[in-house]
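>>> Using only what follows, build the 3D model:
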Amino acid sequence: ERHLEQALAMRRKLLGSEHADVAVTLVELGRIYQDLGFTERAEPPLGEALAIRRKALGDDHRETAVSLSAVASVLRPRGDLAGADRLLQQSLELNRKTRGADHPNTGMSTHDLGLISTTRGDFPVALSHFRQALEIHRKAYGAKHPTVAVALNSIARVLHLQGRHAEAAAALQDAIAMAR
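Next up is the predicted model:
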């Protein structure tokens, strides 16, 4: 954390506060705060990175999509589902446009939309998102990848919440089998 803050200060001084490389460091700093459980501290650098990328790279740049997802990732746990959903929809469309429908980032945006739908209790929509994400990740990584297991686990969770326990168990068994 301290080293990233020092790197950020140096990049700001050398490149200027609105340079795209400053945004890279801000995203890394925000993600470290998230990993440490400091969601409130993560939002300002992630929001600043998004603003810099929009200005320096434009609203249609693939790195802007990364920042949209990053900001959404702090809004969702705070309960701002509408804000997170709005940013993830933008990220999803931008990922499809700049990276393609089968790119892992497109899959992650789709999966994250499933998490929002699950939190809202909209299980059919969540299941649809998770199944789309599963297919994208299988195409991108193959059938035995941790990201595929995460998607299967998300599907199992929604099926369990719907009372579809046998289907949930089957999805979990598939995820467990990947870990072996």
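
>>> Let me know the pLDDT of Gly83.
Listed pLDDT for Gly83 reads 97.

>>> and what of Ala179?
Confidence score, pLDDT, at Ala179: 72.

>>> phi, psi of it?
Dihedral angles of Ala179 (phi, psi; degrees, to the nearest 10) stand at phi -80, psi -10.

>>> doesn't Leu152 make contact with it?
No: in this structure, Ala179 is not within contact of Leu152 by CB atoms under 8 Å, at 10.9 Å. Every C-beta, even on glycine, is put in place using the N, C-alpha and C of the backbone.

>>> Neighbour count for those two, which is higher?
The neighbour comparison of Ala179 against Leu152 (other CB atoms under 10 Å) goes to Leu152, with 24 against 8.

>>> what's the neighbour count on Glu40?
Glu40, neighbours per other CB under 10 Å, totals 9.

>>> so which helix or strand takes in it?
Using DSSP states H and E, Glu40 sits within helix 39-56.

>>> Identify each buried residue in that helix, please.
39, 41-43, 45-50, 52-54, 56 (16 or more other CB atoms under 10 Å).

>>> now stretch 16-25
By 16+ other CB under 10 Å, the buried positions in stretch 16-25 come out as 22-25.

>>> Check stretch 29-40 too.
Buried residues in stretch 29-40, counted by 16+ other CB under 10 Å: 29-34, 39.
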